[in-house]
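Colleague: Let me see the structure of the following:
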Amino acid sequence: MSDVDITSSAAARVAAIAGKQGKPAILRLAVDGGGCAGFQYKFEMADAVGSDDVVAERDGVRLVVDAISLDLVRGSAVDYVENMGGAAFRVTNPNAASGCGCGTSFSI
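Modeller: Residues are numbered from 1 along each chain as shown. Purely as a prediction, here's the structure:
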């Protein structure tokens, strides 16, 4: 199993965003302290892959995670979900002991 993964749905969304912004198709996942459950996921489009980043690639799109955040998201998959509540990137994190209702924060 790889350290992190990105689904086809998420890769397609990243490719669409990158095309509109004229940027490389690189999505950065980071973990910050805070959120309603202790840690929160942060997504942003990246211009380049960092020297300490772990990279997952699907359909020409790269998901990058820095070494510090990787300890908290190892084994996770990033998906893009559209439902009645809206559309968003979601992380399926096997390390999370609990999460919050909004799906953007978690605890270990």
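
Colleague: Now do the strands in the protein.
Modeller: Ranges of strands within the chain are 4-6, 26-33, 39-45, 54-58, 61-65, 76-83, 86-92, 98-99, 105-107, based on DSSP state E.

Colleague: Go through these and name the closest to residue 20.
Modeller: strand 39-45 (10.1 Å; CB to CB). To be clear about C-beta, it is placed using only N, CA and C from the backbone, and glycine gets the same treatment.

Colleague: Counting neighbours, show which residues of that closest one come out buried.
Modeller: Within strand 39-45, the residues that qualify as buried are 39-41, 43, counting by 16 or more other CB atoms under 10 Å.

Colleague: Single out the most deeply packed of the strands of the chain.
Modeller: Greatest average neighbour count among the strands of the chain goes to strand 61-65 (a mean of 24), per mean count of other CB atoms under 10 Å.

Colleague: Give the partner strands of that one in its sheet and their orientations.
Modeller: As defined by DSSP bridges, the strand partners of strand 61-65 come to strand 26-33 (parallel), strand 54-58 (antiparallel).

Colleague: centroid residue for this protein?
Modeller: Central residue of the chain (CA atoms, centre = their mean): residue 29, 4.0 Å from the mean position.

Colleague: Output the strands of the chain as CSV; include the columns mean pLDDT and distance to residue 15.
Modeller: Shown next, in CSV, are the strands of the chain (pLDDT from 0 to 100; distance: least, CB to CB, whole Å):
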stretch, mean pLDDT, distance to residue 15
strand 4-6, 96, 11
strand 26-33, 93, 10
strand 39-45, 91, 11
strand 54-58, 96, 10
strand 61-65, 97, 5
strand 76-83, 92, 11
strand 86-92, 89, 13
strand 98-99, 66, 27
strand 105-107, 58, 27
